[in-house]
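> let me see the structure of the following:
(chains A and B)
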Amino acid sequence: MGKVSRAVWLYIAAVVIVAVALIVPTDFEAQGIRWWIELGVLQLLFLICDSTPTPLVSRQSAWSPSSSATLAAVVLLGPAGAALVGAISVFSLRRHMIVAERLFNGAMYAVSGYAAGRAYIAAGGHVGRPLPHEFPMIIWAFAAAAAVHVITNHGLLWGALSLTRKGKGLRDRSRLESSLPLLLVSDLGYAVLGLLIAALWTVVGAFAAVLVLVPLFVARWAMGQFAEQQRAYAATMEALCQAVETKDFYTRGHSERVSRGSGMIAREIGMRPDRADAISYAGMLHDVGKLGVPTKVLQKTGALTEEEFAAIQLHPMRGLEIVREIGFLDEALTGIMHHHERIDGKGYPMGLAADEIPEFARVIAVADAFDSMTSNRSYRQARGIDEAVRELRKGSGSQFDPALVEAFIAALGREGWKLPEPAAAPLDHQTVTAQDHDDPTAPLRVVESL
Amino acid sequence: MTAHQSTERWSSWQAMDSGRLLLLAAAGMLTVAAIAHTATVPIPPASVHVAVAFGILIALGELLRLGLPGGREAAPIATAGAMAYALLLYVKELPGHQPPPPVPPLQVIAVTAIGMTIGALPHLAAGRAAGVTGMASRLVAVACVAFIFRPLTGVHAIAAHWWLAAGVMTVLLIFGCLVDVVIGALIRADDLGARFGVALRDEMRVQWPLATAVGASAMILAFATESMGIAALAVFVVPLLVTQLAFRRYAGIRSTYLQTVRALARVTEVGGYVESGHSHRVSVLAVAVGRVLGMNEPDLLDLEYAALMHDIGQLSLRDPIPGGATVLVSRADQQRIAELGADVIAKAGVLDRVAELVRGQSLPARGTEPGPPVGSRIIRAANAFDDLVGGSTDRDRSTAALERLRLDTASEYDAGVIEALSEVAGKRRPGRL
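Just a heads-up that it's a prediction; the model follows:
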């Protein structure tokens, strides 16, 4: 939360007062020793769940299954018990939490636990270990409790976030909004776990919590492994693409930048996240087939013969040949194969036009040409971003898809563009291409056939 | 020599399939006996719905099989369902009904076998492998648990104290899981030519997280059915479903990773640096040799990556080496290629061990202390072998190549690696590589 403003402090104080006011009037004297033991176990469970949150949507939001402990308390201990279980989050084992955050979390979970407990009773639920004959009707009372818990929780959190984030750009909030449905679903899922724990409690006591949480902790472990593998995967892919680029001094970093540009366009036009990921990979790999073009053709300064031009035109197919075996890249394959097609049908390798060209290919074509123009080449200096944008607009409708050009320009305006490091003069042993097949402002020259 | 070799191959082939045959025969006999028993002693009407519900859960679980790293297949939900049925103490009675009579072990086996078979049919219909071996292994594990636990349900102490029941269940679930793992390791060791001890440790390493979740879920299902009736199955399988989804994503990214490295390793071929298929052949050879030498699975994965990318350093060369045969170029050039390749791989930041293997491939086996890692020696030998033999499976050619490599074991190549290589090359059959 960073530095806490006065308005936020007031808000936190209000929530804390409400929480205390709800808990204090309860008649704790009436509770037996078993109640207190169960409370202690559930509080411990809450802290264990809370200590290692699972990253949900990339790094954006982390949510922990601790609410399942609160919901189990709703059934087993009643509203005050649920509030006390939630309040324990003041002592969260997570580090890097400031006092305001701890206070707020404790109060927020206490209030929502209490509200859920009231809702459970109002819907006809019976507090205590659920007896066999209560099933399956207990599910409706529990569903009411879960819904109230989620709503109260998110409502209070929403208030705090809108106070702290006031004045900051819209992006934080829109990101939070986009991850909200997922948070709600996962919260309801964790709430269901609360019922599972409460139901098993009748049979095996606190051991129920262990049993229900073991599969979840294993799932969390697997998700951690998944994230680790995914990072390793992206890093490996980037390193291999760089290896391919060492063939040519001037195109260093081209793959990575085209990948970034393609991703920007994909997000701008609202592509699904998995497709946006795939297009980033396709952008990364789009020129892999260039390796099949003989070095002497790439280095040639004069006009190309028909055969040499054909060799260059073949590189998307060569690329396809290499990456075809990668299972996940179905749509990305079409992007790699057709990234040199033109809207007017004069491109290669197939001469597709307009909508015949797969969307991935149209996106990559824009990012590809833009990066080529804004990089140094042996035959010219890099162009500025404004000039490159003008060139893109000029080719819009003939070479590029107009909608995607506009999307790219809009994304550029918001996110900016990191230009390649100005390339120093190439060293002796480094190969240099004399012509760039990606550059729309300097088309390859081909000798007219005799 | 050839006659001797062929009998050896024959017997190893026989040994390979006799293990699997034994397993299938055991599972088949269990199934027949169980179904015959259930046909003669029909399931009492009061517990038919329990048997049907567990059968459906097992069939669904078999339908939702899960691929695990290393080409393994598991069916966590089916296993948990079958184990829960074997561990069932007592089902919440329906109002107006008598408590259901105890379930005999053969009935558990019959329900499991039928459920698994039904769940496997859609796989067959879709043209996928039926996975009979995996099913048989799971069935045997369930049978072991059922035969021990079913008689125990009559013991009063176990029915009366949940903690005693939970303790016995935990022990039996661990035992059942061990049965499954040992069978899996035996089959894998035979299939791949790995050592049994190594295969067992690999199997345990891969299986234990999922097995923990499956075991806990089996107990959840058994206990929940006790308090909430059969409807609990639908709800209490949810945590395991979450686990399964997480594992699916993990296994998915692992295989995509491997496919990508395999595909991108081919850039050297497309660029004309190496002969077509070289990287793939070297990686297959290297992994087979590593397995003969008793390397475990994580090490073999590193070895496979390193072997696939061992020539990536050639991309930095101005002109391809004729034919790409690094065995024919000077020591200095070999070292430069290895260094460049290792630098490329190290840039990823996550494959440092792979980079070390690639870096070490140019070093001779002797003469330096402590010498290159085993993986590097294997790649060096496999690469030299493939440079000399190529894609050919001609026996004379490979024998000649091995002779040449053997002559160099005093300095260049590791004698143990060459012996393993000749063992692997001897088993090569035309069309296999």
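> got the domain ranges for the chain?
Using chain A. Annotated domains of chain A cover A:6-226, A:246-415 [automatic domain parsing].
> wrong one, I was asking about chain B
B:16-253, B:265-427.
> could you dump these to CSV with mean neighbour count and mean pLDDT?
Backbone N, C-alpha and C define where each C-beta goes, glycine included. Output for the domains of chain B, formatted as CSV (neighbours: other Cβ atoms under 10 Å in any protein chain shown; pLDDT from 0 to 100):
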stretch, mean neighbour count, mean pLDDT
domain B:16-253, 19, 88
domain B:265-427, 20, 83
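> tabulate the domains of chain A (JSON lines), appending mean pLDDT, mean neighbour count and distance to chain B.
Output for these, formatted as JSON lines (pLDDT from 0 to 100; neighbours: other Cβ atoms under 10 Å in any protein chain shown; distance: least, Cβ to the nearest Cβ, whole Å):
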{"stretch": "domain A:6-226", "mean pLDDT": "82", "mean neighbour count": "19", "distance to chain B": "4"}
{"stretch": "domain A:246-415", "mean pLDDT": "82", "mean neighbour count": "20", "distance to chain B": "4"}
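> to B:Glu419, which of those lies closest?
B:Glu419 sits nearest to domain A:246-415 of all those, at 33.0 Å, using Cβ to Cβ.
> what separates the closest residue in space to A:Gly351 that isn't next to it in sequence from A:Met137, distance-wise?
Leaving aside its chain neighbours, A:Gly351 sits nearest to A:Gly345 (5.5 Å; criterion: Cβ to Cβ, 6 or more residues apart in numbering or on different chains). Distance, A:Gly345 to A:Met137, using Cβ to Cβ, to the nearest Å: 67 Å.
> show me the contacts for B:His280.
Residues in contact with B:His280 (Cβ atoms under 8 Å, 6 or more residues apart in numbering or on different chains) are B:262, B:265-266, B:308.
> show me what secondary structure element comes after whichever strand or helix holds it.
For B:His280, the element it lies in under DSSP states H and E is helix B:278-292. Using DSSP H and E, the helix or strand that follows helix B:278-292 in sequence is helix B:297-308.
> please state the offset of that following helix from the chain centre?
Distance, stretch centre to chain centre, for helix B:297-308: 15 Å (Cα atoms, centre = their mean, to the nearest Å).
> packing partners for it?
helix B:196-228, helix B:238-264, helix B:278-292, helix B:352-360, helix B:374-389 (3 or more Cβ pairs under 8 Å, 6 or more residues apart in numbering or on different chains; DSSP states H and E).
> at 6 Å instead, please
Contacts defined by 3 or more Cβ pairs under 6 Å, 6 or more residues apart in numbering or on different chains; DSSP states H and E place helix B:297-308 against helix B:238-264, helix B:278-292, helix B:352-360, helix B:374-389.
> residues touching it, excluding its own?
Here helix B:297-308 makes contact (Cβ atoms under 6 Å, 6 or more residues apart in numbering or on different chains) with B:70, B:202, B:261-262, B:265, B:279, B:282-283, B:286-287, B:290, B:353-354, B:357-358, B:375, B:379.
> give me the phi and psi angles of B:Ala74.
B:Ala74 has phi and psi values of phi -130, psi 160 when expressed as degrees, to the nearest 10.
> residues touching it, list them.
B:66, B:68.
> next one: it from B:Arg359, what distance?
Distance from B:Ala74 to B:Arg359, by Cβ to Cβ: 37 Å.
> test my guess that B:Cys177 contacts B:Leu210.
No: if you go by Cβ atoms under 6 Å, B:Cys177 and B:Leu210 don't touch, sitting 9.7 Å apart.
> where's the residue nearest the centre of chain B relative to chain A, distance?
Centroid-nearest residue in chain B, with Cα atoms, centre = their mean: B:Arg72, separated by 3.8 Å. Counting by Cβ to the nearest Cβ, to the nearest Å, the separation of B:Arg72 from chain A is 15 Å.
> skipping adjacent residues, who's closest to that residue in space?
Nearest in space to B:Arg72, with sequence neighbours left out and distances taken as Cβ to Cβ, 6+ apart, is B:Val206 at 6.4 Å.
> which residues does B:Arg195 contact?
Counting by Cβ under 6 Å, 6+ apart, the residues that B:Arg195 touches are B:Gly294.
> go again with 8 Å.
B:189, B:294.
> and if you look at B:Ile174?
So B:Ile174 contacts B:Gly215 (Cβ under 8 Å, 6+ apart).
> ditto for the one 5 residues further on
With contacts defined as Cβ under 8 Å, 6+ apart, the neighbours of B:Val179 are B:140-141, B:144.
> of these, which is the nearest to chain A?
Closest approach between those and chain A, by Cβ to the nearest Cβ: B:Ala141, at 18.8 Å.
> under a three-state scheme, what state does that closest one occupy?
With DSSP: H, G, I helix; E, B strand; the rest coil as the basis, B:Ala141 sits in helix.
> you'd agree it is up against B:Val182?
No: in this structure B:Ala141 lies outside contact range of B:Val182 using Cβ atoms under 8 Å: 9.5 Å.
> for the residue lying closest to B:Pro69 once chain neighbours are set aside, report the pLDDT, please.
Once flanking residues are discounted, B:Pro69 sits nearest to B:Arg254: 5.1 Å by Cβ to Cβ, 6+ apart. pLDDT, B:Arg254: 88.
> so A:Ala232 makes contact with B:Thr256?
No: counting by Cβ under 8 Å, A:Ala232 stays clear of B:Thr256, with 11.3 Å between them.
> check what pLDDT residue 2 gets.
By default, I'm working from chain A. pLDDT for A:Gly2: 52.
> nope, chain B
pLDDT for B:Thr2: 41.
> alpha carbons of stretch B:299-309, in PDB - could you do that?
Extracted in PDB, the C-alpha atoms of stretch B:299-309 (Å, rounded to 0.1, in the frame of the first residue of the first chain):
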ATOM      1  CA  ASP B 299      20.400 -35.600 -15.700                       C
ATOM      2  CA  LEU B 300      19.100 -37.400 -18.900                       C
ATOM      3  CA  LEU B 301      16.900 -34.400 -19.700                       C
ATOM      4  CA  ASP B 302      19.900 -32.000 -19.400                       C
ATOM      5  CA  LEU B 303      21.900 -34.500 -21.500                       C
ATOM      6  CA  GLU B 304      19.200 -34.500 -24.100                       C
ATOM      7  CA  TYR B 305      19.100 -30.700 -24.300                       C
ATOM      8  CA  ALA B 306      22.800 -30.500 -24.500                       C
ATOM      9  CA  ALA B 307      23.000 -33.200 -27.200                       C
ATOM     10  CA  LEU B 308      20.300 -31.500 -29.200                       C
ATOM     11  CA  MET B 309      22.100 -28.100 -29.000                       C
END
